[in-house]
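Student: coordinates for the following, if possible.
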Amino acid sequence: MRTIPLAVTAVASALLLTACGGSGGSASDSKNGSACSFDGVAVQVGPASTAPSAGDTGEVPVSLTNQSKPCTLDGFAGASLEGGGTKVALSTQKGAKAQKLKLAKGDAVSFTVTYVRGKAGDKLSLAATKLVITLPGSSDSTSYKWSYGPVQGKTSVSDSDASVSAFTQAGD
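Tutor: Below is the predicted model:
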């Protein structure tokens, strides 16, 4: 049996208690499970493979486990980074292909936020403090502290050198 750190359990409990649910699905989703939303999934961000210095690449895994009735993820997770009053939407990884995943209770999936660490104080770096995540087909969002340093922009702060991978099945 796996043990779950108390902090992860607390975060998951808080999400389940505070998130607003929305079906986000259509009538045809009812037999296959509606769109997944944060009121029915537990989320874990990290542990990350952080970029140690400017110009290095880091990866932050995000895992979701369905804690409720069957639901469907159809597309990519939405993600943005925020800091200093700036919000930057992350693109999908080049070449990544979204897939439709049906999750039964207990099923888990993950995606990865890949980023290039920026130089602190640089005009092209976003001093990110928060990662905001949305699920496809749902208007819910949830946020997490970003503690992995500034994120490099390609041509400006809003043209972030960070991206989101496709969902993949996770498990034992």
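Student: which residues in this structure form helices?
Tutor: Counting by DSSP state H, the chain has helices at residues 6-18, 29-32.
Student: now Cys36: how far from Ser165?
Tutor: In this structure, Cys36 and Ser165 are separated by 17 Å, where distance is defined by CB to CB, to the nearest Å. The C-beta positions use only the backbone N, C-alpha and C, and glycine is treated the same way.
Student: count the neighbours of the nearest residue to Val157 once chain neighbours are set aside for me.
Tutor: Nearest residue to Val157 in three dimensions, chain neighbours excluded: Leu126, at 4.9 Å (CB to CB, 6 or more residues apart in numbering). Other residues near Leu126 come to 27 when the count uses other CB atoms under 10 Å.
Student: what does the one 5 residues further on give?
Tutor: Residue neighbour count, defined by other CB under 10 Å, stands at 23 for Leu131.
Student: list the contacts of it.
Tutor: Under the criterion of CB atoms under 8 Å, 6 or more residues apart in numbering, the neighbours of Leu131 are 45, 60, 79-82, 113, 143-146.
Student: try it again at 6 Å.
Tutor: The contact partners of Leu131, taken as CB atoms under 6 Å, 6 or more residues apart in numbering, are 144, 146.
Student: quick check: bridge partners of it?
Tutor: Here Leu131 sits in beta bridges with Leu81, Tyr144, as judged by DSSP bridges.
Student: mean pLDDT for the helices of the chain: which is lowest?
Tutor: Lowest mean pLDDT within those: helix 6-18, a mean of 35.
Student: follow-up on the earlier one: okay, Cys36 and Ser165: which has more neighbours?
Tutor: Neighbours per residue (other CB under 10 Å) separate Cys36 from Ser165, with Cys36 holding more: 30 against 18.
Student: ok, now which ones touch that one?
Tutor: Taking CB under 6 Å, 6+ apart as the criterion, Cys36 is in contact with 71, 73, 135.
Student: would you list those residues in a markdown table and tack on pLDDT, neighbour count and distance to Lys102?
Tutor: Below are the contacts of Cys36 laid out as a markdown table (pLDDT from 0 to 100; neighbours: other CB atoms under 10 Å; distance: CB to CB, whole Å):
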| residue | pLDDT | neighbour count | distance to Lys102 |
| --- | --- | --- | --- |
| Cys71 | 95 | 28 | 8 |
| Leu73 | 95 | 26 | 8 |
| Leu135 | 95 | 27 | 14 |
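Student: next, format the residues you listed as CSV and append distance to Ser160.
Tutor: As requested, the contacts of Cys36 are arranged in CSV below (distance: CB to CB, whole Å):
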residue, distance to Ser160
Cys71, 29
Leu73, 23
Leu135, 20
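Student: can you tell me how far the residue positioned nearest the centre of the chain is from Thr112?
Tutor: Centroid-nearest residue in the chain, with CA atoms, centre = their mean: Ile133, separated by 4.6 Å. Separation of Ile133 from Thr112 (CB to CB): 12 Å.
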